[in-house]
Every structure is written in structure tokens, then in C-alpha cells.
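# model the following, please.
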Amino acid sequence: MSGHNKWASIKHKKAATDAKKGKVFTKIIREMVIAVKEGGSQIENNARLRKAIEDAKEANMPQDNIKKAIQRGSGEIPGATYEELSYEGYGPSGVALIVEATTDNKNRTASEIRKIFSTYSGNLGESGCVGWMFDKKGYITIKKSDAKEDDLMDLVIEAGSDDFKSEPDSDFYEIITAPSDIEKVKKTIKDKNIPIASSEISMIPQTFIKVEGDNIKSMLKLMDALEEHDDVKNVYANFDISQVDMEKMDL
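Numbering: from 1, shown residues only. The predicted structure follows:
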């Protein structure tokens with residue numbers, strides 16, 4: 001199964017048992033601060049802020065935390081200054097990775113990200129070394145149990161989606177859109193009362209690299225270590241692991 005959707009499935013299972021809410025809150029708060037600084041505090045005019053608030057509510061973040069994050073972004077109350085950075089590199093089997101981070105100390109973050117790569121059989125590369133292998137797209141998932149495939153496919157294609165995928169070994173439909181069209185497609189889905197499992201602007205791999213044997217464990221440990229880092233916002237990779245191998249690892 002391809003890296004993007006398979007890793008998403010693994011994370012869904014991890015989330016069910018992962019109680020590290022403090023870390024989740026920290027990442028969401030940083031996203032809200034940056035979203036407000038970029039697009040203002042008016043939720044109706046700031047799609048990035050709306051998405052961050054949706055994520056905060058899904059994580060059961062207290063309303064007071066949300067309010068303070070928005071105030072920090074607007075400068076009403078003091079707080080750290082964050083900047084967004086992107087790192088590119090290679091994992092086991094030559095898998096391409098893009099790591100998006102927000103940090104208040106870019107030298108510290110770069111050093112720690114480099115160490116994570118080297119620890120798990122990877123290496124950090126120069127900017128642009130793998131970015132050309134990915135396309136920036138809107139990415140929406142819907143549980144297969146929540147919609148009929150043909151009806152949903154017709155609905156989202158008519159709404160302007162670029163692609164619709166229904167992998168046999170996945171519990172989710174995948175909908176790919178242009179970044180500018182994701183809100184329109186989401187609205188079309190919601191108007192039909194179909195629950196959306198997840199939605200994001202993502203980096204979708206153009207091709208995938210098959211990972212086998214001992215490299216599977218190293219690849220997944222690298223992904224996990226990167227996502228567990230406080231400064232890391234998103235990790236994208238083009239690995240492909242067979243369903244048989246995933247089941248052997250009980251994931």
C-alpha cells in the first residue's frame with residue numbers, strides 16, 4: 001500500500017491509544033499562531049485558521065487555549081515567534097521524504113532533524129533534492145462505510161476533484177483536488193451529510209518506492225521519530241509497503 005494512505009491508517013490506530021495530547025496541542029497552537037499572522041484573526045476570511053481550529057476541536061482542545069493562540073498570533077498577548085521550514089532527504093531504500101516544521105530556533109531544529117535521519121538509515125539532503133517528486137494537492141479521506149463508491153465518485157468529480165481512489169486494502173476513499181478547490185469539494189460532500197474523516201493540503205508522491213525486509217521497520221521508525229518531534233508539523237514520503245508485510249508487523 002502506498003505511503004501516504006498507509007501511514008495515515010497507522011496514525012489513526014496510534015491515535016486511538018496515544019495520550020500525548022500536550023504534544024498535539026503544541027503543534028496545533030503553533031499552526032494557529034502562524035495562520036493568524038499570515039491571514040488575520042477573522043475565521044471566515046482565513047481558511048488555514050479554520051482548518052487549525054477544526055483540528056483543535058477534534059483534539060478536544062479547550063476553547064480558552066484556542067482563544068489565546070489566536071491572540072498570540074494577532075499580537076494581543078506576547079509569545080514566541082515561529083518560522084516555517086522545510087527539509088528534504090532520503091530514508092531506507094532511497095525513499096524520498098519532505099519534512100515541514102515550525103520552530104523558534106532553526107539551527108536547533110535542523111540539527112535534531114538531521115540526527116533523526118541518520119539514526120534510522122536515512123540522510124538529510126539539500127533543499128529541492130526530492131521536492132520535484134511530489135505535487136501539492138488537496139487530500140480528503142472518507143470512510144468506505146459512510147458512502148457508496150459510485151455515488152461519492154460521481155459527486156466529487158462533478159465538484160471539481162482531480163482524482164478519486166478506492167484501494168482494495170484500505171478502509172478509506174481518497175479524494176485528490178487542486179489546493180484551491182479543496183474547500184469547494186468539502187462543502188459539496190458535507191452538503192450531502194457525508195462525514196469527512198480527514199482533509200488537508202498535502203504533498204502527494206508522483207511515484208512510489210517499494211520497501212521490503214528490515215528496511216520496513218527502519219522506515220516506519222523514521223516516520224514515527226520525525227512526527228514525534230515537537231517542531232515537526234507534517235512528514236511526506238513515497239514509500240510503498242505490501243499489505244502482507246504490514247500484517248506481519250501487526251500494523
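
# quick one: the helices in the protein?
All helices of the chain, identified by DSSP state H, fall at 3-17, 21-39, 47-58, 63-74, 106-119, 149-158, 182-191, 214-228, 243-248.

# report the contact partners of residue 104.
Taking C-beta atoms under 8 Å, 6 or more residues apart in numbering, we find residue 104 in contact with 80, 81, 82, 83. In short, each C-beta sits where N, CA and C put it, glycine included.

# burial measure for the nearest residue to the third one once chain neighbours are set aside, as a count.
Sequence neighbours aside, residue 102 is the residue nearest to residue 82 in space, at 4.8 Å (criterion: C-beta to C-beta, 6 or more residues apart in numbering). For residue 102, the count of nearby residues is 20 (other C-beta atoms under 10 Å).

# who's residue 102 bridged to?
Here residue 102 sits in beta bridges with residue 84, going by DSSP bridges.

# surely it and residue 34 touch.
Yes - applying C-beta atoms under 8 Å, one finds residue 102 in contact with residue 34, separated by 6.2 Å.

# follow-up on the earlier one: residues in contact with the residue nearest to residue 82?
By C-beta under 8 Å, 6+ apart, the residues touching residue 102 are 27, 30, 31, 34, 82, 83, 84, 85, 231, 233.

# ok, and the closest non-adjacent residue to the most centrally placed residue in the chain?
Centroid-nearest residue in the chain: residue 234, 4.9 Å away (criterion: C-alpha atoms, centre = their mean). In this structure, residue 234 finds its nearest non-sequential neighbour in residue 100, 4.3 Å apart by C-beta to C-beta, 6+ apart.

# about what we covered before: the helices of the chain into CSV, with extra columns for distance to residue 175, mean neighbour count and mean pLDDT?
Formatted as CSV, the helices of the chain follow (distance: least, C-beta to C-beta, whole Å; neighbours: other C-beta atoms under 10 Å; pLDDT from 0 to 100):
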stretch, distance to residue 175, mean neighbour count, mean pLDDT
helix 3-17, 12, 16, 50
helix 21-39, 22, 19, 87
helix 47-58, 16, 18, 90
helix 63-74, 28, 17, 92
helix 106-119, 31, 15, 96
helix 149-158, 5, 15, 95
helix 182-191, 7, 17, 94
helix 214-228, 23, 19, 91
helix 243-248, 21, 12, 74
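
# quick one: closest of these to residue 203.
helix 3-17 (8.6 Å; C-beta to C-beta).

# reformat the contacts of residue 102 as TSV; add distance to residue 47.
TSV is the format used below for those (distance: C-beta to C-beta, whole Å):
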residue	distance to residue 47
27	18
30	17
31	12
34	13
82	19
83	21
84	16
85	22
231	23
233	16
